[in-house]
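Novice: Need coordinates for the below:
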Amino acid sequence: MKLYEKYHKLRRKSFVISIVTKSVHGSMALENQHVPEWQVKAIVTSLLEEAEQNGRKFDI
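Specialist: Numbering: from 1, shown residues only. From the prediction side, this is the model:
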């Protein structure tokens, strides 16, 4: 069983974007690497779009 099959929230693209963005931004802030949250969100969004092109499907 894959992770996104077990946890249905991971099928929502907006949820994945928000949780990964917050996690990465928080980790970088702890390491004194100040990157704007909007920039992290843009990178996460582009990576998810690339995953969609390679066959990953989201509900919304």
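
Novice: Give the next helix or strand downstream of the helix or strand of the chain with the lowest mean pLDDT.
Specialist: None of the helices or strands of the chain scores lower by mean pLDDT, DSSP states H and E than helix 3-6, at a mean of 74. Helices and strands here follow DSSP states H and E; after helix 3-6, the next one along the chain is helix 13-30.

Novice: residue with max distance from the center of the protein?
Specialist: Ranked by distance from the centre of the chain (Cα atoms, centre = their mean), the top residue is residue 32, with 21.1 Å.

Novice: Give me the distance between that one and residue 38.
Specialist: Distance, residue 32 to residue 38, using Cβ to Cβ, to the nearest Å: 19 Å. No exception for glycine: its C-beta is placed from N, CA and C like everyone else's.

Novice: what bits of this protein have low per-residue confidence?
Specialist: Applying pLDDT under 70 to the chain picks out residues 4, 60.

Novice: re earlier: distance between the least confident helix or strand of the chain and the chain's centre?
Specialist: On the basis of Cα atoms, centre = their mean, to the nearest Å, helix 3-6 is displaced by 15 Å from the centre of the chain it belongs to.

Novice: got the CA positions of that helix in CSV?
Specialist: C-alpha atoms of helix 3-6 as CSV (Å, rounded to 0.1, in the frame of the first residue of the first chain):
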residue,chain,number,x,y,z
LEU,A,3,1.4,6.3,1.4
TYR,A,4,-1.2,8.4,-0.6
GLU,A,5,-3.5,5.4,-0.7
LYS,A,6,-3.5,5.1,3.1
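
Novice: All further residue positions should be reported with the first residue as 16.
Specialist: Yep, numbering from 16; the last one is helix 18-21 now.

Novice: who's in contact with that helix?
Specialist: Residues outside helix 18-21 that contact it (Cβ atoms under 8 Å, 6 or more residues apart in numbering) are 25, 26.
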